[in-house]
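Visitor: turn this into a model:
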Amino acid sequence: MEVKLNDLRESNQHFGLAFKPFAEGGNFGPDEIETYRKKLEKCNLKIDNCETFILTELDGMESKCLDAAVEMTNSFDAKLKMHILDVAFLEKINSWMSNCQVRIKTEVAACNMMSKNLKTKIEGLRKLIDSCARPHPDKPAVKPEQVLAAIPDVYNLFQQRIIYLDCAKPPPKSTVLINPENPMLQSRESIQDFQGVVNLTKNILTMSRKTSFPSMDSESVTMDKRKPVVSEPMYDWFIAKQEAAPKPTSKRGKSRVETAERTKRLGSASSRSSMISVVLSDVQSFMPIIKKILQETQGALFLSSEAYYSQYQGPPSRPGIADTLEGCMEELNKRLNNYYLQTQEFYNKCIQDLRGVLTDVLQLHLEVPQLLYEEILEKYVTEVSQKTSVIKHQFDMNKVKIADLRESNKTQLKPILGHPNREVDLNNLCRKEEDRAIESGDVLNEYYNELTNTERTLAQAFIESINNCTERLMNLFDQLITTDDVILGTVAEEKLPTTVLLKRELRSKQGDAPSVPALSQEGRNVKLVRLADIAVERTASSKSDNFKTSKFTPVHEEALTSMNKACCEYKERFVVIMEELEKLSVKWTANEERWKKQWVASVHHVRNLYKPVNIS
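Guide: The predicted model follows:
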């Protein structure tokens, strides 16, 4: 366009030079030439004005296009920056959520592994008891002592499990129920320590606004029917509530509206500092560990969310992100609370599983005392049989010797010994018979005393073994954990017919309702066995030692029953042996007395054979 205008100017200039006056041989007068020259100047002036206008317009258009391009580029950069922030924020949120899930699953896996190890140990104990109680060639030989040695390991695992689950029932005097409607979920100090941190987050922004959002404490959680319904407060795994924050004021020349909007998004500084300064103590139980994980995750999510919303001057561009920090934390806390509810349901299943295992172990323990007492009884019965058999064998040999001497004396007593010349031989034979009679009494007394002393000595040793076993079992079973020592947990209410419920209510009003005895009762005094309990008539009475157990369970009762049964069986055998010994003594004495009378009569008859007979 500039070239065209220059050509037009040059054309006008040449056209002006083409006007020649008449004096120079031209066709125009001076006036005409002046008129045309003025018109050409006006035309040149218009050309200059047009060029100036067009260049001005072009310069303005270029500036406007450049400004529009810069504005569009800045807008695109801002959107790209916000998009990158949104993506990074979402990735960070997902990363923390995934980390929380992994840590919770790791703790759940550790809990399951502990339960598996406990059940494996119990199964091993079951096999030991079965092999000991019901021996078979295909089963390994197991002694009762091996069974007894395996029980403390099971107790240790139970103790570790109860400590890990923190499910030991507190003493009745120190029991404090926070929520009477649901005591098993909120009666523990660990749950108290974790109440209110989501309420803190919920109140971070609410306290700094004139208009408040609906309170989270009044919300009801709709969940699956199988899951427990959480009453107010909704999130009980947080720590403290937030105090009211001051109203927003303008800072550094910013408008009051802008400052209030920023406070609405981020919350007050005091509330944020309180949120970050939460101190978590070291815990070793399952639910406190889970709550600590949730707290740490919630704190990290809050810091990430605060850093994200502090970079925005308006609502986020993505529809999946909440407009305010409070709304964002509401959604995140709901997800965390869902994890907590699932973990709480798993914890309750662990409690019920532990109670079932405790019931099985209690039934398994009922077989142990009988095995030990039977082994002791069999051991001493065998020992008594062996020692008494030796004594009886010696007695039988002496009995045969006495019988041989008697038969020899009987054979030597002949009528010829009645002759006066054989008086010395007859007297020697009589002395020999007296010696035999004395020896017969000594043999009986020796057998009687030796057998009695052996029986009493072994009975005393048996009683000591029984008492040691009883004390050992009582001390061991004092460490037994029953279902009464563990919290009940959440159990579905049993649905019974209306008639049964009415009968129960009627019995409870009349005071005739049957009471279920507790498995773990108060300790009792256990009376140990003494020798007088077995050899009543043969021993002097002695003091009976007593000791008190720390608790009394069906296993304690079964141990005492097995002890009494073993003592009764040993006593019956002892009484039978003593009765047989008494009968033998009486029979032996009667036999000797009868033989003595026969011997005296025979000697008298032999002496009278050679006496003169008076015939009157």
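
Visitor: how about residue 433, nearest residue that isn't a chain neighbour?
Guide: residue 409 (4.9 Å; C-beta to C-beta, 6 or more residues apart in numbering). (C-beta placed from N, C-alpha, C; glycine too.)

Visitor: which strands and helices sit next to the strand or helix carrying that neighbour?
Guide: For residue 409, the element it lies in under DSSP states H and E is helix 368-412. Here helix 368-412 touches helix 30-133, helix 144-165, helix 423-477, helix 554-609, going by 3 or more C-beta pairs under 8 Å, 6 or more residues apart in numbering; DSSP states H and E.

Visitor: out of those helices, flag the one nearest residue 354.
Guide: helix 144-165 (6.4 Å; C-beta to C-beta).

Visitor: just the angle between that closest one and helix 368-412, please?
Guide: 170 degrees (axes from the mean of the first three to the mean of the last three C-alpha atoms, to 10 degrees).

Visitor: give the contact list for the nearest residue to residue 412 once chain neighbours are set aside.
Guide: In this structure, residue 412 finds its nearest non-sequential neighbour in residue 429, 5.5 Å apart by C-beta to C-beta, 6+ apart. The contact partners of residue 429, by C-beta atoms under 8 Å, 6 or more residues apart in numbering, come to 409, 412, 413, 417.

Visitor: from residue 352, how far out is the most centrally placed residue in the chain?
Guide: Nearest to the mean C-alpha position of the chain, by C-alpha atoms, centre = their mean, lies residue 161 at 3.4 Å. As defined by C-beta to C-beta, to the nearest Å, residue 161 lies at a distance of 13 Å from residue 352.

Visitor: now do residue 585
Guide: Residue 585 is 66 Å from residue 352, by C-beta to C-beta.

Visitor: one more: residue 44?
Guide: For residue 44, the distance to residue 352 - C-beta to C-beta - is 107 Å.

Visitor: of those two, who's got more company?
Guide: residue 44 (16 against 13; other C-beta atoms under 10 Å).

Visitor: what number of residues lie near residue 373?
Guide: Neighbours of residue 373 using other C-beta under 10 Å come to 26.

Visitor: where does the prediction get shaky in the protein?
Guide: 1-2, 15-17, 19, 25, 172-283, 313-315, 492-494, 496, 509-544, 612-616 (pLDDT under 70).

Visitor: ok, back up a step: can you pick the most crowded of the contacts of residue 429?
Guide: Neighbour max across those (other C-beta under 10 Å) = residue 417, 22 neighbours.

Visitor: who's in contact with that residue?
Guide: 425, 426, 429, 606.

Visitor: for those residues, which one is nearest residue 362?
Guide: Closest to residue 362, out of all of the contacts of residue 417 and judged by C-beta to C-beta, is residue 429, at 76.4 Å.

Visitor: ok, now how distant is the closest one from residue 443?
Guide: Where residue 443 is concerned, residue 429 sits at a distance of 21 Å (C-beta to C-beta).

Visitor: can you name the residues that contact residue 351?
Guide: Counted by C-beta under 8 Å, 6+ apart, residue 351 has contacts 165, 167, 486, 487, 488, 489.

Visitor: the second one and residue 486 touch, don't they?
Guide: Yes - using C-beta atoms under 8 Å, residue 167 makes contact with residue 486 at a distance of 5.2 Å.

Visitor: quick check: neighbours shared by those two?
Guide: With C-beta under 8 Å, 6+ apart, residue 167 and residue 486 have common neighbours 351, 354.

Visitor: and those two? Which one has more around it.
Guide: Comparing residue 167 with residue 486 by other C-beta under 10 Å, the one with more neighbours is residue 167, at 24 against 19.

Visitor: just the CA coordinates of stretch 378-397, formatted as CSV?
Guide: Extracted in CSV, the C-alpha atoms of stretch 378-397 (Å, rounded to 0.1, in the frame of the first residue of the first chain):
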residue,chain,number,x,y,z
GLU,A,378,-0.3,-96.2,87.3
LYS,A,379,3.3,-95.4,88.2
TYR,A,380,2.8,-96.0,92.0
VAL,A,381,0.5,-99.0,91.5
THR,A,382,3.2,-100.6,89.3
GLU,A,383,5.9,-99.7,91.8
VAL,A,384,3.8,-101.1,94.7
SER,A,385,3.1,-104.3,92.7
GLN,A,386,6.8,-104.8,92.0
LYS,A,387,7.9,-104.3,95.6
THR,A,388,5.1,-106.3,97.2
SER,A,389,5.7,-109.1,94.7
VAL,A,390,9.3,-109.4,96.0
ILE,A,391,8.1,-109.4,99.6
LYS,A,392,5.4,-112.0,98.9
HIS,A,393,7.9,-114.2,97.1
GLN,A,394,10.2,-114.1,100.1
PHE,A,395,7.3,-114.8,102.4
ASP,A,396,6.2,-117.8,100.2
MET,A,397,9.8,-119.2,100.5
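
Visitor: buried residues in that stretch?
Guide: Within stretch 378-397, the residues that count as buried by 16 or more other C-beta atoms under 10 Å are 380, 384, 387, 388, 391, 395.

Visitor: chain neighbours aside, what residue packs nearest to the second one?
Guide: I take that to be residue 384. residue 458 (5.0 Å).

Visitor: okay, now the one you found: neighbour count?
Guide: Count around residue 458 with other C-beta under 10 Å applied: 18.

Visitor: likewise residue 115?
Guide: For residue 115, using other C-beta under 10 Å, the count is 18.

Visitor: same check, this time on residue 506
Guide: Residue 506 has 11 nearby residues by other C-beta under 10 Å.

Visitor: ok now the helix or strand containing it, how far from the chain's centre?
Guide: Assigned by DSSP H and E, residue 506 belongs to helix 498-510. Mean-position distance between helix 498-510 and its chain equals 36 Å (C-alpha atoms, centre = their mean, to the nearest Å).

Visitor: same deal with stretch 561-577?
Guide: On C-alpha atoms, centre = their mean, the centre of stretch 561-577 falls 42 Å from that of its chain.

Visitor: which residues touch that stretch?
Guide: 369-370, 372-374, 376-377, 380-381, 384, 388, 451, 455, 459, 462-463, 466, 469-470, 529, 533-535.

Visitor: and it, C-alpha only, in PDB?
Guide: Coordinates of each C-alpha in stretch 561-577 appear next as PDB, following Å, rounded to 0.1, in the frame of the first residue of the first chain:
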ATOM      1  CA  THR A 561     -12.300 -84.300  90.600                       C
ATOM      2  CA  SER A 562      -9.500 -86.300  88.900                       C
ATOM      3  CA  MET A 563      -7.400 -86.000  92.000                       C
ATOM      4  CA  ASN A 564     -10.200 -87.300  94.200                       C
ATOM      5  CA  LYS A 565     -10.800 -90.100  91.700                       C
ATOM      6  CA  ALA A 566      -7.100 -91.200  91.700                       C
ATOM      7  CA  CYS A 567      -6.900 -91.000  95.500                       C
ATOM      8  CA  CYS A 568     -10.100 -93.100  95.800                       C
ATOM      9  CA  GLU A 569      -8.800 -95.800  93.400                       C
ATOM     10  CA  TYR A 570      -5.500 -95.900  95.300                       C
ATOM     11  CA  LYS A 571      -7.300 -96.000  98.600                       C
ATOM     12  CA  GLU A 572      -9.500 -98.900  97.400                       C
ATOM     13  CA  ARG A 573      -6.400-100.900  96.400                       C
ATOM     14  CA  PHE A 574      -4.700-100.000  99.700                       C
ATOM     15  CA  VAL A 575      -7.800-101.200 101.700                       C
ATOM     16  CA  VAL A 576      -8.000-104.400  99.700                       C
ATOM     17  CA  ILE A 577      -4.300-105.200 100.300                       C
END
